[in-house]
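Asker: Just a sequence and a predicted model for now, questions to come.
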Amino acid sequence: MNSVKYKNLEAKLQDHASPVEMLRHSPTGGYEFPFPGQYTNWREEQEAWQKSVVIFDQSFHMTDVYFEGPDVMRLLSDVGVNSLKNFGANKAKQIVACNYDGYVIGDAILFGHTDTKVSVVGRPSVPNWVHFHAETGGYDVKVTRDERTVSNDGSRLIYRFQIQGPNALELIKSVHEGEFPEIKFFNLGDLKIAGKKVRALNHNMSRMGGLELHGPVEDREVVLEAILKAGPKFGLVQGGSRAYSTVSPESGWIPSPMPAIYSGEKMKPYREWLRGDGFEAKASLGGSYYSDKIEDYYQTPWDLGYGKHIKFDHDFIGREALEKMADQPHRRKLWLRWSNEDVLKVFASQLGHGDRFKYMEVPNAYYSILPFDRVMLGDRMVGLSTYTVYTSNVGGWFSLAMLDEDVADGSEVKVIWGEEDGGSRKPVVERHVQTPIRATVSYNRLNED
């Protein structure tokens, strides 16, 4: 079906048996990163954020929505579980938004440009949710959208470069003109590169140090040229989309929670506001976990490691539900290191003409926007695995997972790899059989073991 024919998400859902059926068989593959897959080779591009310095061009794949006006802070406070007490001009913050029942819609980065102007940056889920409330909630706020490239018929408003690694700051200092400012973690400051004003965010995506730079899109080429020219002295490597797709699992961030929007009467006005061909309408669900109920795919902030962000110092959407959940058992976010022997079994099955297991694309094996695989401890399902990747830094395959609290560090579990009944109707899914893959639970970042 062509989603363009639907006037909104709700209309598309009404034309399907269930939200799960719609998402499970969506033809969309993984999230798109519209820049080159690799500039040199993805292995050394991965290693650069641990050993030297890498630059990722983030100018294309994220949604930026700007909110400006006297009610900006009230709007953000109403939709975010976070406190805004220390947020304002030249500050940044990770915002987590939930639905009315306390389940996560998504997370994004807030940029405080002034005390009355912010941008919400990330995958479309949270920028859209905040925009909906700005437009329908009676707030005195002006909204300006800067769509990601795959949804944008024109040029973007800004460029964005992520420069990370042990040599990142020295590289940036070498191209900055003037005294280098001290920029504290999750704060913004001003630089000058090639005569152009550049805004810098101290945001350590790889946990190895560095800055995220942005400025007007017309300055992009001259700023990039200056950085690349200075780069060889510091071991600079340009990172492509194949390496970029693996940095978030290595650093411990789950980039696409299931947006908790597909059910519930209170969420219906939002579904009617969302486009019928937008991110939420075209998102795809994959993996070995199956349930007919979309609510079984929803996640709490604790599942994603965001429990610490919840502050009951303000009224916000979902507060009452989260207060009731707070003292209940929660799943924990962690890493699973996959068995080399079992991974080799998957690749070996591609040879010859017998049964084959679901192919693992290298280095990023997730083939849907919302991947969920069952994790078993004996005969008991103990949680979900998501975002399976290989990185040269870890030297093996691993995934992020959300497991029951009683699963001990170091436990051996099994991830069920592949889909039931030979696989869904998604074009990216070949016919295959399921197989268990042993994995070791790790509460510590894998390359720190």
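Answerer: That came through, no problem.
Asker: Every contact and neighbour count from this point should use C-alpha atoms.
Answerer: Will do.
Asker: first vs last residue of stretch 195-209, how far apart are they?
Answerer: Chord length of stretch 195-209, first to last residue, is 24 Å (C-alpha to C-alpha, to the nearest Å).
Asker: cool, stretch 129-147 as well?
Answerer: 14 Å.
Asker: Just the buried residues of it, please?
Answerer: 129-131, 133-134, 140-143, 145-147 (16 or more other C-alpha atoms under 10 Å).
Asker: a markdown table for these, including distance to residue 210 and pLDDT?
Answerer: Output for the buried residues of stretch 129-147, formatted as a markdown table (distance: C-alpha to C-alpha, whole Å; pLDDT from 0 to 100):
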| residue | distance to residue 210 | pLDDT |
| --- | --- | --- |
| 129 | 30 | 98 |
| 130 | 29 | 98 |
| 131 | 30 | 98 |
| 133 | 34 | 98 |
| 134 | 33 | 98 |
| 140 | 36 | 98 |
| 141 | 33 | 98 |
| 142 | 32 | 98 |
| 143 | 30 | 98 |
| 145 | 27 | 96 |
| 146 | 25 | 95 |
| 147 | 26 | 92 |
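Asker: Among these, which pair sits farthest apart?
Answerer: For the buried residues of stretch 129-147, the maximum inter-member distance is 22.2 Å, found between 140 and 147 (C-alpha to C-alpha).
Asker: Helices along the stretch 1-150 of the chain, start to end?
Answerer: 9-14, 19-24, 42-51, 72-79, 125-136 (DSSP state H, counting those that start in this stretch).
Asker: then the first one to PDB, C-alphas only?
Answerer: Only the C-alpha atoms of helix 9-14 are listed here, as PDB (Å, rounded to 0.1, in the frame of the first residue of the first chain):
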ATOM      1  CA  LEU A   9      -1.500   8.100  10.800                       C
ATOM      2  CA  GLU A  10      -4.900   7.300  12.400                       C
ATOM      3  CA  ALA A  11      -6.400   6.700   8.900                       C
ATOM      4  CA  LYS A  12      -3.600   4.400   8.000                       C
ATOM      5  CA  LEU A  13      -4.000   2.400  11.200                       C
ATOM      6  CA  GLN A  14      -7.700   2.000  10.500                       C
END
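Asker: For that helix, which outside residues touch it?
Answerer: For helix 9-14, the surrounding residues in contact (C-alpha atoms under 8 Å, 6 or more residues apart in numbering) are 3, 6, 19, 22, 268, 271-278, 280-281.
Asker: returning to that earlier point: with the buried residues of stretch 129-147 in mind, which one is nearest to residue 31?
Answerer: For those, the nearest to residue 31 is residue 147 (14.8 Å; C-alpha to C-alpha).
Asker: Just confirm that closest one contacts residue 63, I think it does.
Answerer: Yes: under the criterion of C-alpha atoms under 8 Å, residue 147 makes contact with residue 63 at 5.0 Å.
Asker: Need the three-state assignment for the residue nearest to the spatial centre of the chain.
Answerer: With the centre of the chain defined as its mean C-alpha position, the nearest residue by C-alpha atoms, centre = their mean is residue 255, 1.8 Å away. Recorded secondary structure, residue 255: coil (DSSP: H, G, I helix; E, B strand; the rest coil).
Asker: Show the contacting residues for it.
Answerer: By C-alpha under 8 Å, 6+ apart, the residues touching residue 255 are 123, 248.
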